[in-house]
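Trainee: return atomic coordinates for the entry below.
(one chain, ligands or ions: 2)
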Amino acid sequence: MTENLAAATHRVDTAPGLFVCFEGGDGAGKSTQVRLLTDALERRGREVVVTRQPGGTPLGAQIRELVLHGDHVAARAEALLFAADKAHHVDQLIKPALRAGSVVITDRYVDSSVTYQGAGRELGRDEITALQHWAVGGLLPDLTIVLDVSPEVGRERRGDVQDRLEAEADAFHAAVRRGYLEIAATDPERYLVLDASQPVERLQAAVIDGVDRVMAARR
Ligand SMILES: Nc1ncnc2c1ncn2[C@@H]1O[C@H](COP(=O)(O)OP(=O)(O)OP(=O)(O)O)[C@@H](O)[C@H]1O
Ligand SMILES: [Mg+2]
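Mentor: Residues are numbered from 1 along each chain as shown. Ligands and ions are numbered 1, 2, ... in the order given. Take a look at the predicted model:
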């Protein structure tokens, strides 16, 4: 079944828009860099649509509540809920924005599900990858920026308030981190791994560099 699911999807063209994704462990600095990149692109006159996963649509917000703040969710149910959020999200928000020529910046996407459910928990990474790719119909980012954070720095930055997933032990966060690095290594063209322990401004400069490179390659 895994093979059939994977074979049923192929990479979808994002032109005339541009699809940028931020990934990384909890507290890596994703939301901070999403904000800064948005501001920078808007100053250049680009239309930017920002979204987060899960939760970028009304249905997604409900799914986010269920998955992150509800009672225990069985691993396969969790995987399906995240996939359902993605499927809806791509159809309702991301694809229309790309078609209109916007830059879509997403705070987490397919790779979050693959790493969190596939690397850290009992479900296989290949299964989750196939499920996620099926859900998004092959719509993958032009550039995914992985903010690589150690469990210790992540915990420090998160502070004390933790949701269900964040409360997992450092070993889980270490597995998530490895998962991201493994995925990024499979496609260096589409992934930019940045050391998230750097100061905000240095990271921002590297982010803009990466996005500019992808935009230039497009022309
Ligand atoms: N490069 C950085 N250096 C130091 N502190 C940072 C840096 N980037 C972000 N922070 C701080 O770390 C905290 C977490 O940042 P942020 O919310 O951007 O991370 P996140 O990856 O979006 O986290 P989450 O996974 O919980 O959504 C915030 O208090 C933020 O101000
Ligand atoms: Mg965030």
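
Trainee: and stretch 102-120, C-alpha only, in PDB?
Mentor: Output of stretch 102-120 as PDB, limited to C-alpha atoms (Å, rounded to 0.1, in the frame of the first residue of the first chain):
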ATOM      1  CA  SER A 102       1.900  34.900  -3.700                       C
ATOM      2  CA  VAL A 103       4.800  33.700  -1.600                       C
ATOM      3  CA  VAL A 104       3.400  31.200   0.800                       C
ATOM      4  CA  ILE A 105       5.400  30.800   4.000                       C
ATOM      5  CA  THR A 106       4.400  27.900   6.200                       C
ATOM      6  CA  ASP A 107       5.400  27.300   9.800                       C
ATOM      7  CA  ARG A 108       5.800  23.400   9.600                       C
ATOM      8  CA  TYR A 109       4.600  21.100   6.900                       C
ATOM      9  CA  VAL A 110       5.000  17.500   5.700                       C
ATOM     10  CA  ASP A 111       8.400  17.000   7.300                       C
ATOM     11  CA  SER A 112       7.100  17.900  10.800                       C
ATOM     12  CA  SER A 113       4.700  15.000  10.600                       C
ATOM     13  CA  VAL A 114       7.400  12.700   9.200                       C
ATOM     14  CA  THR A 115       9.900  13.500  12.000                       C
ATOM     15  CA  TYR A 116       7.500  13.800  14.900                       C
ATOM     16  CA  GLN A 117       5.300  10.800  14.100                       C
ATOM     17  CA  GLY A 118       7.800   8.900  12.000                       C
ATOM     18  CA  ALA A 119      11.100   9.300  13.800                       C
ATOM     19  CA  GLY A 120      10.000   9.900  17.400                       C
END
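
Trainee: let's test this: mean pLDDT of that stretch, rounded?
Mentor: Mean per-residue pLDDT for stretch 102-120: 88.

Trainee: what do you get for stretch 74-90?
Mentor: Mean predicted confidence for stretch 74-90 is 92.

Trainee: show residues contacting that stretch.
Mentor: Contact with stretch 74-90 is made by 51, 53-57, 59-60, 63-64, 66-67, 73, 109-110, 112-113, 117, 121-123, 127-128, 131-132, 134-137, 139, as judged by CB atoms under 8 Å, 6 or more residues apart in numbering. Where C-beta positions appear, they are placed from N, C-alpha and C, glycine not excepted.

Trainee: quick one: buried ones out of the residues you listed?
Mentor: Buried residues within these, counting neighbours by 16 or more other CB atoms under 10 Å: 51, 53-57, 59-60, 63-64, 66-67, 73, 109-110, 112-113, 117, 121, 123, 127-128, 131-132, 134-137, 139.

Trainee: and the contacts of stretch 74-90, which of them are in strands?
Mentor: With DSSP state E as the criterion, strands contain residue 51 from among the contacts of stretch 74-90.

Trainee: in the helix or strand encompassing residue 185, what's buried?
Mentor: Here residue 185 sits within helix 170-186, counting by DSSP states H and E. Within helix 170-186, the residues that count as buried by 16+ other CB under 10 Å are 172, 173, 174, 175, 176, 177, 179, 180, 183, 184.

Trainee: next SSE after it?
Mentor: strand 191-195.

Trainee: and that next one, how far from the chain's centre?
Mentor: Taking CA atoms, centre = their mean, to the nearest Å, one finds the center of strand 191-195 at 13 Å from the center of the full chain.

Trainee: what strands flank that strand, and is each parallel or antiparallel?
Mentor: Its sheet considered, strand 191-195 pairs with strand 143-148 (parallel) by DSSP bridges.
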